[in-house]
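# Got a predicted structure here, sequence first:
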Amino acid sequence: MFTVEEDQYKELIPYLKERGLRITPQRLLILKTIISLNGHPTVDDIHSHIPYISVATIYNNIKLFVKLQILKELPYGNGLSKYELYKSNHYHVICERCGGIIDFKYPNLEEVEQVALKLTNFKVHSHHFEIYGECATCQDSNQ
């Protein structure tokens, strides 16, 4: 897993080179755009900010970044996926009305992997936790 902060995208260049990837302007621009969006963009969100790069190029690079664990894919039904940079373990609260996603940390959830290992003798690679509900903005729009 590679940790990326908003102003550290240049650290990805050696990481990509170590894996034998060419450092193309398109790859760098896709990464910069994802970082600048600072959230959970879809391919369409990314494309709307860099419309001169084809959707196919964006999608292919995102698939590659997911494979290299630079990005994490968050699939949300209907074939829609959102993406985020790999960061320290965190979880998501997802609005069922607008689709907004908010990250949160709760250290005790990390113990779940250890409990699963002890109870099942299962080698755990990762876990995924989400909470669904209605964000404050959508709640306010109901009133």
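That came through fine.
# can we go C-alpha only for contacts and neighbour counts from here?
Fine.
# And what about the residue nearest in space to the middle of the chain, helix, strand or coil?
In the chain, the C-alpha closest to the average C-alpha coordinate belongs to E84, at a distance of 1.8 Å (CA atoms, centre = their mean). Of the three states, E84 takes strand under DSSP: H, G, I helix; E, B strand; the rest coil.
# could you pull out the helices for this protein?
12-18, 25-37, 43-49, 55-67, 111-120, 136-142 (DSSP state H).
# got these as a markdown table, with mean neighbour count and distance to I94 columns?
Below are the helices of the chain laid out as a markdown table (neighbours: other CA atoms under 10 Å; distance: least, CA to CA, whole Å):
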| stretch | mean neighbour count | distance to I94 |
| --- | --- | --- |
| helix 12-18 | 13 | 28 |
| helix 25-37 | 17 | 17 |
| helix 43-49 | 16 | 17 |
| helix 55-67 | 16 | 21 |
| helix 111-120 | 12 | 21 |
| helix 136-142 | 10 | 11 |
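# got a markdown table for the ones you listed, with distance to Y76 and mean pLDDT too?
Listed next are the helices of the chain as a markdown table, based on distance: least, CA to CA, whole Å; pLDDT from 0 to 100:
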| stretch | distance to Y76 | mean pLDDT |
| --- | --- | --- |
| helix 12-18 | 27 | 86 |
| helix 25-37 | 18 | 89 |
| helix 43-49 | 13 | 95 |
| helix 55-67 | 16 | 95 |
| helix 111-120 | 23 | 87 |
| helix 136-142 | 19 | 88 |
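# Any chance of CSV for these, columns distance to E96?
Putting the helices of the chain into CSV (distance: least, CA to CA, whole Å) gives the following:
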stretch, distance to E96
helix 12-18, 33
helix 25-37, 21
helix 43-49, 19
helix 55-67, 25
helix 111-120, 25
helix 136-142, 9
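# correct me, but H127 touches E113?
Yes: contact criterion CA atoms under 8 Å: H127 and E113 qualify, at 7.2 Å.
# What are the contacting residues of stretch 117-132?
91-96, 113, 116 (CA atoms under 8 Å, 6 or more residues apart in numbering).
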